[in-house]
Structure formats: C-alpha cells, structure tokens
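A.B. asks: coords please:
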Amino acid sequence: MSLAVAAEGVTRRFGRRWALRGVDLAVPRGTVVALLGANGTGKTTLLRLISTLLRPTAGRLEVLGRTLPAGGDAIRARAAFMTAGGHAYEELTGVENLRFAARMSGTEAAADDLRGALAAVNLAGAADVPVRAWSTGMRKRLELARLGLRPLELVLLDEPFASLDEDGVRLVHEAVRRWRAAGTAVVIASHRVEDATRHADEIVRLVGGRAAAATR
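C.D. replies: Numbering: from 1, shown residues only. Now for the predicted structure:
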C-alpha cells in the first residue's frame, strides 16, 4: 500500500525549544491515523509540517509522493488542513467564505454547490449571515463544509471535535467515514481519545516530541 505521509527522523525546533525530536510516521493511503498526546507534545506542529505550513529542522518528510520542502503547491492542491481554531473572514458570509476558499484552491464552485455544502453541515439558515455573528461551533462546521468542496487525497484534522455539539461531532465522524471510503488518508489529532480513535487503523502517541509505539 502506498503512503500518503512518510516521515523519517523528523525534527522541528523553535529557537532553543524542541517541538519534535526524530519522529517516524507512516500513513498509508485510505487509512485513518489518530495522533494522541498531551498539550505541548508536538501534535499540531507535526500536522503543520505535513501540511507544508512549516519546514522540518531535520529529517525527511514525504507527502503524497513529494519530498518537502519542494512540491508544496502540488501537495496543497490535493490535501487540506482543518486547524483547531479554524479560519474564516469575519466580514464575509458563509457562502462568500466558501466561494473564496474554492477560488483559492483553483476551482469556481456554483452557488447551489456552495449552499449545498453549508446545508450538509446544517448551516443553511446562516448562509448569508456574516461569520462575525457566528458561534465557534458554527465556524467549525464551516471548516468541515470547506473540506467537502473538492476531492482530497489527504485530510489533516486538528482538534476537530472541539466546540461542537453532539450533532456536530456526528458530522465529523460521517465525514471521516466518507473520506476513508473514498481512499483518502486522514490524520486526526485530538484530546478526545474515544472520538479520535473510533475509525483509526493506527494510533500514534507523541510523548515529549517523540512518537511512541503505534498500536492498531
């Protein structure tokens, strides 16, 4: 089985602080990997490295067949990263935020498709409301809608269950099932162990910036 992510001895340092120390990670295509660990163990840093937002200080990192740091644009066209805080433009409506996201990924989505993506995450009633008036949970649902706009080969989820009600958590689980069925690799970093591991083919624990033994 080919790998969506292959990390060998990946290290990342911020000044004198080591966020990651020699991490090895293999994520086969079409699988779900749960990334667990306490605060400060490097989970978000590792996802940011895989998403090309950061560069490793040392080690080798290959994503979707391309060795970083080269090939970042090609990787971003086929992968998506849902950050813990999410990202939306406050003055834009839900539809406008999705339209902008689609254009940034190189596609021009029809209005019906954008509204359909919002309806799929139960945001139809807020489609024309500026995001500044939205709750944190609604913003997380908007991120989920953004990830559903185009086919993806790799999805990175950082604390995807945070700030969501029971229905929102269910939507995340449904999305993970769809991605996996479509052959998309998914990496989930979360403190909610039961939710993070529900669909996991493999569990990786980060301890002090190092990857502990993986379990299935």
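A.B. asks: so who does the residue nearest the centre of the chain touch?
C.D. replies: Central residue of the chain (CA atoms, centre = their mean): L156, 2.3 Å from the mean position. Contacts for L156 were tallied using CB atoms under 8 Å, 6 or more residues apart in numbering; they are L47, I50, S51, A79, A80, F81, M82, V186, V187, A189. For the C-beta atoms, the positions are set from N, CA and C on the backbone; glycine is no exception.
A.B. asks: what's the distance between the last one and P28?
C.D. replies: Taking CB to CB, to the nearest Å as the measure, A189 and P28 are separated by 18 Å.
A.B. asks: picking up where we left off before, in three-state terms, label the residue nearest to the centre of the chain for me.
C.D. replies: strand (DSSP: H, G, I helix; E, B strand; the rest coil).
A.B. asks: ok, and for the longest helix seen in the chain, which residues are buried?
C.D. replies: Secondary structure of the chain per DSSP state H: the longest helix is helix 166-181. The neighbour-count check on helix 166-181 (16 or more other CB atoms under 10 Å) flags G168, L171, V172, A175, V176, W179, R180 as buried.
A.B. asks: over to stretch 178-196?
C.D. replies: With burial defined by 16+ other CB under 10 Å, the residues of stretch 178-196 counted as buried are W179, R180, T184, A185, V186, V187, I188, A189, S190, R192, D195, A196.
A.B. asks: swap in stretch 191-210?
C.D. replies: For stretch 191-210, by 16+ other CB under 10 Å, it's 192, 195-197, 199-206, 209-210.
A.B. asks: format these as CSV; extra columns: secondary structure and distance to S2.
C.D. replies: Below are those laid out as CSV (DSSP: H, G, I helix; E, B strand; the rest coil; distance: CB to CB, whole Å):
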residue, secondary structure, distance to S2
R192, coil, 30
D195, helix, 28
A196, helix, 24
T197, helix, 24
H199, coil, 20
A200, coil, 19
D201, coil, 15
E202, strand, 16
I203, strand, 21
V204, strand, 19
R205, strand, 25
L206, strand, 24
G209, coil, 27
R210, strand, 26
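A.B. asks: now, which of the residues you listed sits nearest V95?
C.D. replies: Closest to V95 out of the buried residues of stretch 191-210 is D195 (29.0 Å), distances taken as CB to CB.
A.B. asks: which non-adjacent residue is nearest G148?
C.D. replies: A117 (5.4 Å; CB to CB, 6 or more residues apart in numbering).
A.B. asks: that should have said A175, apologies.
C.D. replies: Using CB to CB, 6+ apart, the nearest residue to A175 is L144, at 6.0 Å.
A.B. asks: bridged to V23, which residues?
C.D. replies: V23 has these beta-bridge partners by DSSP bridges: V10.
A.B. asks: now it: how far from R17?
C.D. replies: According to CB to CB, V23 stands 15 Å off from R17.
A.B. asks: look at the two and report which has more neighbours.
C.D. replies: V23 (24 against 9; other CB atoms under 10 Å).
A.B. asks: touching, L54 and T44? I think so.
C.D. replies: No. In this structure, L54 is not within contact of T44 by CB atoms under 8 Å, at 9.9 Å.
A.B. asks: distance of V33 from T57?
C.D. replies: Per CB to CB, V33 is found 22 Å from T57.
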